[in-house]
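> quick one: sequence plus predicted model below, questions after.
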Amino acid sequence: MARFNEILSLRDQAALRDNWLKQRLETLIPELLAREDMDMWIVICREYNEDPALMSLLPAASMSARRRTILLFARAADSVERLTLSRYGYEGFYEAVWDPDEEEQAACLARLVRERDPKRIGVNFSRDFAFGDGVSHNEFQWLQEALGEAYAARVVSAEKLCVGWLERRLPEEITAYPRLVKTGHQIIAQAFSNAVIHPGITSTDDVVWWMRQTMQEAGLYAWFQPSIDIQARGKEFQMMNEQCAIIQPGDLLHCDIGFHYLGLATDQQQHAYVLRPGESDAPAGLRAALLDGNRLQDIHLAEMQVGRSGNEVLRASLAKGRAEGIRPQIYTHPLGYHGHGAGPVVGLWDRQDGVPAIGDYPLHDDTVWSIELNVTRSVPEWDGQDLRIMLEEDAALSGGRARWLDGRQETLYLIG
């Protein structure tokens, strides 16, 4: 197996993640409840039908909800109670407040709510944000019946509370992120080398499964199937493993990989060129296209400003790119507990005019992003054929400024 950055043992990973969780619960929850003017937040779901936010709220050793799991956050004047109505409890993270031998779960919840008399009760349902829409139909009905008519009338959507919780990163998490991203770069560098690719023999599928197996053996967990695709002179472009092909001299390769480690996700795309006999570098047209991609990255990163909406960033970045003669597309998304994470999207590949609702949400500080885009350029060496450079690199937006977590690709990998 290729050697990458040292991967912590599962036990050490769990200890680190639990330390982060305690800090997040103590610092972010009070801030977000106040920001969204919520007196109470109830997260409720059943085993194997988990709310998207639930696992990020539980200690690392928790593998799922257990039976019906309820977390209740109640805001007081200068603190937030963290309670759980769970048969098994989460000692050190939440106070267990339900004794199944003494009281029905619904009656316990109703009593706790009555005693605290919240004016606004946040529950995870949302039309626009999947991450804020975690309560199932049955659980919502159960909750309403448990609360009774008076308190059920005080229930409001906790969509932005969910998004805020999931998108926000601690300084310690941002400090850890470059290590994850560097590991991804190391895997790509190994995949795009003569150690893995033998032109005329190796297929795109061979490289895909090498990447997947390498991540698995290293203790990293792919959150999507990696992909390798090929562009070449006279070849019809095929994306996303649509066609398994033998890699040949003259091919421009593109990869897309992402994994989870320490509960956090990465997402990266880079390119390699397979040298023809007698070549020592990629054709100038390919190198110029990569420079276009780098320039669009620069423009886009500069437009990633706190308080602007995803759609505002998209429009400004595309306009500036086009003004410089670049043919751009941008489809940037947040990273965090999920690969396509909570927060605003900055374009979709098929929505370059903006994305309603989730594109109107503002960028916040202390967030992590997958800066994903492509540029198209005609290549003289390929008889004027269009080439697409697709880049994806991970960045942090902190201190009001977006910056790369582990650099970016500025030269093509060369194979052969």
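Done, it's in. Residues are numbered from 1 along each chain as shown.
> doesn't H271 belong to a strand?
Yes. H271: assigned to a strand according to DSSP: H, G, I helix; E, B strand; the rest coil.
> just give me the neighbour total for it.
Residues contacting H271 under the criterion other C-beta atoms under 10 Å number 24. Placement of C-beta: from N, CA and C, glycine included.
> i'd like the first residue to be 14 from this point on
Renumbered: residue one is now 14, and that last one reads H284.
> contacting residues around it?
265-268, 303, 402-404, 422, 425-426 (C-beta atoms under 8 Å, 6 or more residues apart in numbering).
> in stretch 260-277, what counts as buried?
260, 262-277 (16 or more other C-beta atoms under 10 Å).
> for R30, give its distance to W382.
21 Å (C-beta to C-beta, to the nearest Å).
> neighbour count winner among the two?
W382 (27 against 18).
> tell me what that one is bridged to.
In this entry, W382 is beta-bridged to P347, A408, by DSSP bridges.
> these two touch, right, it and E405?
No. Using C-beta atoms under 8 Å, W382 is not in contact with E405, being 10.3 Å away.
> and the contacts of H284 as CSV, adding secondary structure, distance to I343 and pLDDT?
Formatted as CSV, the contacts of H284 follow (DSSP: H, G, I helix; E, B strand; the rest coil; distance: C-beta to C-beta, whole Å; pLDDT from 0 to 100):
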residue, secondary structure, distance to I343, pLDDT
L265, strand, 21, 97
L266, strand, 22, 97
H267, strand, 17, 97
C268, strand, 20, 97
L303, helix, 17, 98
I402, strand, 13, 98
M403, strand, 11, 98
L404, strand, 11, 98
Q422, coil, 17, 98
L425, coil, 21, 98
Y426, strand, 24, 98
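> pLDDT weak spots in the stretch 64-213 of the chain?
Under the criterion pLDDT under 70, no range of the stretch 64-213 of the chain is flagged.
> in it, which spans are strands?
Listed in chain order, the strands of the stretch 64-213 of the chain (DSSP state E, counting those that start in this stretch) span 81-88, 93-98, 108-109, 134-136, 168-170.
> any idea which of these is most buried?
With neighbours taken as mean count of other C-beta atoms under 10 Å, those reach their highest mean count in strand 134-136, at a mean of 25.
> contact partners of that one?
49, 51-55, 57, 126, 148, 153, 156, 160, 164, 167-171, 174.
> apply 10 Å and report the result again.
Residues outside strand 134-136 that contact it (C-beta atoms under 10 Å, 6 or more residues apart in numbering): 45-46, 49-57, 85-87, 126, 145, 147-148, 152-153, 156-157, 160, 164-175.
> likewise for stretch 146-156?
In contact with stretch 146-156 (C-beta under 10 Å, 6+ apart) are residues 55-59, 62-67, 81, 83, 118-119, 122, 134, 136-140, 164-165, 168, 170-172, 175.
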